[in-house]
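**Q** sequence first, then the predicted structure:
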Amino acid sequence: MCQTNIQIRMRTLVSSLAGMIVIISLLSFNSDKLNFDQYPSLTISNDEVEMKLYLPDPENGLYRGTRFDWSGVIGSVRYKGHEYFGYWKKTHDPLFHEDLSGPVEGYIDPGLGYDEAEPGGEYVRIGVGVIEKPDEEQYSFRNFYKLLDSGIWTIDHGSDWITFSQELQSDIGYSYMYQKTIRLKEDGFIMEHRLENTGTRVIETDQFNHNFFMIDGEPSGTAFRIRFPYPVSTESDTQGFVELQGNELRFIRDVKGEENFFLLLEGYGSEASDHQVTVINEKSGAGVRFSVNKPLYRMAFWACHTTLSPENSIWISVEPGESETWDSDYTLFTETGE
């Protein structure tokens, strides 16, 4: 078995001028010039599943933004001749908030300590690092924030698994050891999480998964069916894209061009058994069912032309000296094998 141990530490300095973050990115390309081979990556596989992942790297990583957790950025998953993920945009900037792929995880909450921090003070986003709070009226996930310390990243892997570990110490009472292990199984993969609170303050935050499914490259639309284990409903404006009937969300029309829409979904209960979603590409017959062994905190759905995203959230609460674990299980199938 091949095993690699990589440790990365960096304090990132970003220029600021009059309270505004000034970013000069030399790596923003259009679709004709995208070259993801330049970014650190790793491929793991077994007899049935092959997965390509991009590695956290504060200097050279594919994703160096401050919105999403840097670990577990999945560029490709292939199973029985079907592809489940991919890069969904025409341009790429490593610092831009959404320029990544795969079932990536992030937070709706601004971060640990954000609310009490003064402009110029510090707060923490798990899987990212210590961030400087600018002089702003409210947090926006679309912004890039000044990253002061990305902690120590350690990466271990074998032929069919990979573990990302981030150790972070801050001066505001929030410190942790965060670990994410992705293990392939015969028909998919499992994402195992462990968060140990090594600081002096309680860690309380949401965590959500954006998913970014691109099953066989099929554009978002009438080829897809999304199923839940409960009668699903919404008070959001569907804008004529979808209808919700019983336990299913179905597209009425395709999402074209620059169109996109977002829904907050309702109907789930407080049991972990409600925390699962099935997505089926009826044209190719490929599907995925994912579940998390914690209750849903929030459920949403977003789609644009190239990707669709059931966005599932949990709530995390860890006392100092304690730890919390949770797993996300992705099962891949074809309709004949569902």
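**A** Sure, I can see it.

**Q** remind me what whichever strand or helix holds L332 packs against, helices and strands.
**A** Using DSSP states H and E, L332 sits in strand 323-334. Strand 323-334 is packed against strand 188-197, strand 286-292, strand 308-318, with contacts defined by 3 or more Cβ pairs under 8 Å, 6 or more residues apart in numbering; DSSP states H and E. In short, each C-beta sits where N, CA and C put it, glycine included.

**Q** any chance of JSON lines for these, columns mean neighbour count, mean pLDDT and distance to L112?
**A** JSON lines is the format used below for the helices and strands packed on strand 323-334 (neighbours: other Cβ atoms under 10 Å; pLDDT from 0 to 100; distance: least, Cβ to Cβ, whole Å):
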{"stretch": "strand 188-197", "mean neighbour count": "20", "mean pLDDT": "98", "distance to L112": "10"}
{"stretch": "strand 286-292", "mean neighbour count": "22", "mean pLDDT": "98", "distance to L112": "21"}
{"stretch": "strand 308-318", "mean neighbour count": "20", "mean pLDDT": "98", "distance to L112": "11"}
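
**Q** ok, which of those strands comes nearest L249?
**A** Across these, L249 has its closest neighbour in strand 308-318 (8.6 Å, Cβ to Cβ).

**Q** taking their axis directions, that closest one and strand 286-292 sit at what angle?
**A** 20 degrees (axes from the mean of the first three to the mean of the last three Cα atoms, to 10 degrees).

**Q** helices or strands next to strand 308-318 in the packing?
**A** Based on contacts counted as 3+ Cβ pairs under 8 Å, 6+ apart, the elements that strand 308-318 packs against are strand 188-197, strand 203-209, strand 224-227, strand 276-281, strand 286-292, strand 298-304, strand 323-334.

**Q** how about the nearest residue to the residue nearest in space to the middle of the chain, chain neighbours excluded?
**A** Central residue of the chain (Cα atoms, centre = their mean): V104, 1.6 Å from the mean position. Spatially, and ignoring its direct neighbours in sequence, V104 is nearest to F68 (4.7 Å; Cβ to Cβ, 6 or more residues apart in numbering).

**Q** in the sheet, who's paired with that neighbour?
**A** G106 (DSSP bridges).

**Q** now do it: how many residues are near it, please.
**A** 24 (other Cβ atoms under 10 Å).

**Q** repeat for G257
**A** 7.

**Q** what residues are up against it?
**A** Shown in contact with G257 (Cβ atoms under 8 Å, 6 or more residues apart in numbering): H305.

**Q** just give the number of residues close to the nearest residue to G121 once chain neighbours are set aside.
**A** Excluding its sequence neighbours, the residue lying closest to G121 (Cβ to Cβ, 6+ apart) is K133, at 5.2 Å. A total of 21 residues lie near K133 under the criterion other Cβ under 10 Å.

**Q** my guess is K133 contacts G120, does it?
**A** Yes. Between K133 and G120 a contact is recorded at 7.0 Å, counting by Cβ atoms under 8 Å.

**Q** which residues are in contact with both of the two?
**A** By Cβ under 8 Å, 6+ apart, K133 and G120 have no common neighbours.

**Q** returning to that earlier point: give the contact list for the residue nearest to G121.
**A** Counting by Cβ under 8 Å, 6+ apart, K133 touches Y114, A117, E118, P119, G120, G121, E122, Y123, Y145.

**Q** and these, which are buried?
**A** Burial by neighbour count, judged by 16 or more other Cβ atoms under 10 Å, picks out Y114, A117, E122, Y123, Y145 from these.

**Q** just the strands in the stretch 1-150 of the chain please.
**A** Applying DSSP state E, counting those that start in this stretch to the stretch 1-150 of the chain gives strands spanning 6-9, 16-17, 20-21, 41-45, 49-54, 73-79, 82-83, 105-106, 122-125, 129-132, 147-149.

**Q** so for Q166, which of these sits nearest?
**A** Closest approach to Q166 among the strands of the stretch 1-150 of the chain is made by strand 129-132 (8.0 Å; Cβ to Cβ).

**Q** still on that earlier bit, contacts only, for the residue nearest to the centre of the chain.
**A** If you count contacts by Cβ under 8 Å, 6+ apart, then V104 has Y63, F68, D69, G72, V73, I74, N209, H210, F212 around it.

**Q** let's see 7 Å
**A** By Cβ atoms under 7 Å, 6 or more residues apart in numbering, V104 lies in contact with F68, D69, G72, V73, H210, F212.
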